[in-house]
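A.B. asks: build me a model:
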Amino acid sequence: MLSITILFFALATVILGFEEFAEPIQLAEPNKDGVYEFTLVVDSKLTMSYDREVFNYKTPVDYDPDARKFTSRNTTAGSECQASIDKVPFEFGETQNFVGKLSDIIMADGLHRRIVAINGKSPGPLLVVPFNAEVHLIVHNMLYLESFSIHVHGIDKKGQWYEDGVAFIQQCPIQTGGTYEYRFIADRSGTHWWHGHLQMDRGDGLLGGFVVLPENRTVPTAGGTRVLPKREYYMILQDYVRQMPQKERVKMVFEDTTKWYYGFQDPKQCFDGLRMSDGSNVGAASPFDTILINDKGWYNDKDIKQRPEMLKLETFRIKKGETLLFRIVNGAANTNFMIHIRGHQMTLVGADGNEMQPITADKFIIMPGERYDFVTKGLDNPTQKVYYLQVETLQYLHGTKIDKAGLQYGLGRIYYEDEEDREIVPESPAKFLHPECTKAKKCKVYNCPFKVFPPGERFECIPFSALRSPSKPTDPEIVKDTNFDQGFEEHFVNMQFDTNVNGWSFKMPKGMPYFHEQDLYDIATPCNQTLCANAPRHDLRCRCFFHLRQKLGNIIQLTLYNMHATLGLAAHPIHIHGHHVNIMKMGWPKTNSTGQVVGMNEDLNCSAPFINNGDKVLNYCNSLEWANKTLAQRGGARHEYLGGYVVLRYRAINPGWWFLHCHLELHASSGSAFAFKIGDDSQIPKPPATFPHDCGLYRNPEISQLARDFRDGKPIYFGDEDDWRRQVVWRREPKSYRPPPTPEEKLETELRQRRDHQVKVYAKFLKDTVAVHGTKPTVFESCTQMWNTIREELEHRIALKTTPSRIDEELRLFDEACDALLRVKFGKGMP
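C.D. replies: Below is the predicted model:
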């Protein structure tokens, strides 16, 4: 029985300046209250530039691999465009003055692009705290046009679901110019990270590192002992896009224009996605330009392969026989990578913040959002001063043809600092092709996203299911191999398409559901059960707030599958917020002799056609159950394989609103996600009274009376009624000041309005009477009778409001008005 706790949450880190060498991890200092407080200032910044002392101006810089030197450009208007202001180009570290300038530089791929930076860097600062520390993040949004939120990936936020950072589910986005504070407990030791959690901001630079150090910092060894690493290094990988911002790509998915990811202007340069050896992809449907290790990479693939010794790469120091612990995060937006250190073995000792039984491998694969800890030991007799850490893509299948020319590579250096007499010498480009791996002695690769490599490859997969927890489960009931009579829920979710789950494309609500339980569908779009039971990939009618509700305390079995009658599309790395999961079982798809997927796993029945009004149609497999009921509660990977499935279990003990999504940024932003609520309203922790939650929806009830008064030209008064200095504003011509009306004046206005109304009634009566009887005397008799009736009614009304003198005056005015009316109509007044 496989029992391992997997976690999927993250935080961010800032690498301090352009440094020759990566710095080992260091524990931060708490403030006077014992709280670990960090400030993150988020703003845009130009890569390959440094700050000038005046007005925060920037000076672009360039790196020349031939000379191994930086030069800074002349920004004076009218000078030659690419002119250098330095007669002698700066060697790295050559002068103290330029060393300070280099500390401002974000290297990225060595070219110039505006990205999102945190405290002037991307990735942002590495935050290192002890286990169970109180953490206080103060985030300032200095971006001009964008809002965002921050998700600390790896921390459960027990009892604080509203600190988890999912925009519109757990908080309102941090608005432009705004400040937002997060407070939480670092409740899970290990390697984590932080990143933006609104649309595609992670892919544009909003990410960093977070490490929670346990009290015992030793790590297990393959021999069953424990060792204390001499140094620990942190590493974030990225799939850097040079031209098009990541957020543009979401629109292209819904427009079906992804063929032009490289741009629309060159009709000859179209994107035709490559796939992995089994025919699936993990992000290969979204191209990128450069692999970054922390903040360093290089735009020219030819230079990387043929002269890496000339490039400024991330460099990690080591000594002979020294044990290093690497904490590595795949912060890529859409790409998985295979990693190895040339000439060195790696022992994996941690996965997603959890210690694991050691697995020794030559290489391992890491999906977007995953974290691994691995130990490597310095060679006793190194033959080189530098060995390369190689990161590469896995997509090389073009149709059914293998084409490895499209593989992309990134490099870092393992630098033996005690080999002072050795020079850094060039290496053959053939090293990129893994010459150490042979058919007779295949290299072991851990965490393959497919069952096997093709027959011609010199690699052997160690599946994720080989991973074991070093300790017994803290909740043994969760992993029981038995049928549950109560306290158990099972949910089936199909994540086949890159834009939806179970036929619904997830659409964020317009406000936080917690505050709108009684009017949820005022802020969220309901899911149409009938219309979308078998919905295709891009049916926009099926964009809705898809969510599950789970009972607090229940064991939740979540079967995620990736099935569709015609196969195709992508595999998905899945991230579950707020909970650690146990992997009970995983099912591989059917493959042929070359390892390519040819059919779906039959444990779930997706082969039958879907019946729609008596007609057989293509089955999108959105409502499956176990083909064999005995499989229902038997026991895995958080990675969901094309044509296969994974069964996850966890106990719903963290009440609140949470989120599950594909960690490919393009997929999550396109709708491959859903929310889930644990517990009822009375069980969910309440956010603080000052918690901001009114976001996304405002319905204006009416136009104000003041606006109507302005429109109608009425006098507008400002100030207290008893203040003689009250100001009046008129809509039309300015008028002299007059004091506010007295109660008597207000009553006079009311009576005048009533009188005018009665005159209109009387005039209509006269008109109707004359039309029937002409101007005979009977008309005036009738008029007199009508007038007396009106007079009596008016006297009664006024008597309730004012004094007899006011009544007499008002009636006199009324008589005059009526008499004038009769003279106009009939030539004589009231009888």
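
A.B. asks: ok, residue 453 - contacts?
C.D. replies: By C-beta atoms under 8 Å, 6 or more residues apart in numbering, the contact list for residue 453 reads 277, 445, 459, 460, 461, 595. Using the backbone N, CA and C atoms, a C-beta is placed for each residue, glycine as well.

A.B. asks: measure how buried the third one is and give me the count.
C.D. replies: To tie it back to what came earlier, the one meant is residue 459. When neighbours are defined as other C-beta atoms under 10 Å, residue 459 has 18 of them.

A.B. asks: just list whatever residues bridge to it.
C.D. replies: residue 443 (DSSP bridges).

A.B. asks: repeat that for residue 238.
C.D. replies: residue 292.

A.B. asks: next, count neighbours for it.
C.D. replies: Other residues lying near residue 238 total 29 when counted by other C-beta under 10 Å.

A.B. asks: so what's the residue count around residue 68?
C.D. replies: By other C-beta under 10 Å, the residues close to residue 68 number 14.

A.B. asks: for residue 646, same thing?
C.D. replies: Neighbours of residue 646 under the rule other C-beta under 10 Å: 24.

A.B. asks: do the same with residue 584
C.D. replies: Counted with other C-beta under 10 Å, the neighbours of residue 584 add up to 23.

A.B. asks: is it true that residue 171 touches residue 149?
C.D. replies: Yes - at 5.7 Å, residue 171 counts as touching residue 149 under the criterion of C-beta atoms under 8 Å.

A.B. asks: what sits in contact with each of these two?
C.D. replies: Common neighbours of residue 171 and residue 149 (criterion: C-beta under 8 Å, 6+ apart): 165, 180.

A.B. asks: may I have stretch 467-476 as CSV, with CA atoms only?
C.D. replies: Taking only C-alpha atoms (Å, rounded to 0.1, in the frame of the first residue of the first chain), the coordinates of stretch 467-476 have been written out as CSV:
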residue,chain,number,x,y,z
LEU,A,467,8.1,7.0,-3.9
ARG,A,468,7.5,6.1,-0.2
SER,A,469,7.0,8.0,3.0
PRO,A,470,9.6,7.3,5.6
SER,A,471,7.1,7.2,8.4
LYS,A,472,3.7,5.8,9.1
PRO,A,473,0.6,7.8,8.2
THR,A,474,-0.7,10.1,10.9
ASP,A,475,-4.2,9.2,10.0
PRO,A,476,-4.2,5.4,9.2
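
A.B. asks: what about that stretch, average pLDDT?
C.D. replies: For stretch 467-476, mean pLDDT is 81.

A.B. asks: distance from the chain centre to it, please.
C.D. replies: 31 Å (C-alpha atoms, centre = their mean, to the nearest Å).

A.B. asks: buried ones in it, by neighbour count?
C.D. replies: Neighbour-count burial for stretch 467-476, counted by 16 or more other C-beta atoms under 10 Å, picks out 467, 469.

A.B. asks: repeat that for stretch 141-156.
C.D. replies: Neighbour-count burial for stretch 141-156 [16+ other C-beta under 10 Å]: 141, 143, 146-156.

A.B. asks: could you do stretch 689-698 as well?
C.D. replies: Neighbour-count burial for stretch 689-698 flags 695, 696 (criterion: 16+ other C-beta under 10 Å).

A.B. asks: just the mean pLDDT for it, thanks.
C.D. replies: pLDDT averaged over stretch 689-698 gives 88.

A.B. asks: straight-line length of it, end to end?
C.D. replies: With C-alpha to C-alpha, to the nearest Å as the measure, stretch 689-698 spans 20 Å from end to end.

A.B. asks: distance from that stretch to the middle of the chain?
C.D. replies: 19 Å.

A.B. asks: quick one: contacts of it?
C.D. replies: Against stretch 689-698 from outside (C-beta under 8 Å, 6+ apart): 162, 168, 171-173, 509-512, 514-515, 522-523, 687.

A.B. asks: got the residues you listed as JSON lines, with neighbour count, secondary structure and distance to residue 646 columns?
C.D. replies: Below are the contacts of stretch 689-698 laid out as JSON lines (neighbours: other C-beta atoms under 10 Å; DSSP: H, G, I helix; E, B strand; the rest coil; distance: C-beta to C-beta, whole Å):
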{"residue": "162", "neighbour count": "23", "secondary structure": "helix", "distance to residue 646": "29"}
{"residue": "168", "neighbour count": "23", "secondary structure": "coil", "distance to residue 646": "27"}
{"residue": "171", "neighbour count": "24", "secondary structure": "strand", "distance to residue 646": "29"}
{"residue": "172", "neighbour count": "19", "secondary structure": "coil", "distance to residue 646": "33"}
{"residue": "173", "neighbour count": "20", "secondary structure": "coil", "distance to residue 646": "31"}
{"residue": "509", "neighbour count": "22", "secondary structure": "coil", "distance to residue 646": "28"}
{"residue": "510", "neighbour count": "16", "secondary structure": "coil", "distance to residue 646": "32"}
{"residue": "511", "neighbour count": "22", "secondary structure": "coil", "distance to residue 646": "33"}
{"residue": "512", "neighbour count": "24", "secondary structure": "coil", "distance to residue 646": "30"}
{"residue": "514", "neighbour count": "20", "secondary structure": "helix", "distance to residue 646": "29"}
{"residue": "515", "neighbour count": "15", "secondary structure": "helix", "distance to residue 646": "34"}
{"residue": "522", "neighbour count": "12", "secondary structure": "helix", "distance to residue 646": "36"}
{"residue": "523", "neighbour count": "19", "secondary structure": "helix", "distance to residue 646": "32"}
{"residue": "687", "neighbour count": "19", "secondary structure": "coil", "distance to residue 646": "33"}
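
A.B. asks: ok, and the closest non-adjacent residue to residue 462?
C.D. replies: Of all residues not flanking residue 462 in the chain, residue 446 sits nearest, at 4.3 Å (C-beta to C-beta, 6 or more residues apart in numbering).

A.B. asks: what's across from residue 375 in the sheet?
C.D. replies: Counting by DSSP bridges, residue 375 is bridged to residue 325, residue 347.

A.B. asks: show the contacting residues for it.
C.D. replies: Shown in contact with residue 375 (C-beta under 8 Å, 6+ apart): 219, 221, 227, 229, 323, 324, 325, 326, 346, 347, 349, 358.

A.B. asks: what pLDDT does the model give it?
C.D. replies: Residue-level confidence at residue 375 comes out at 98, pLDDT.

A.B. asks: what do you get for residue 646?
C.D. replies: For residue 646, the model assigns a pLDDT of 87.

A.B. asks: kindly report the same for residue 735.
C.D. replies: Looking at residue 735, its pLDDT stands at 47.

A.B. asks: ok, back up a step: name the nearest of the contacts of stretch 689-698 relative to residue 714.
C.D. replies: Set against residue 714, the nearest of these by C-beta to C-beta is residue 522 (35.1 Å).

A.B. asks: what sits against the most centrally placed residue in the chain?
C.D. replies: In the chain, the C-alpha nearest the mean C-alpha coordinate belongs to residue 197, at 2.2 Å (C-alpha atoms, centre = their mean). For residue 197, the contact set (C-beta under 8 Å, 6+ apart) comprises 148, 149, 150, 151, 165, 166, 167.

A.B. asks: and of those residues, the nearest to residue 287?
C.D. replies: The nearest member of these to residue 287, counting by C-beta to C-beta, is residue 148 at 24.3 Å.

A.B. asks: list the beta-bridge partners for the closest one.
C.D. replies: residue 174.
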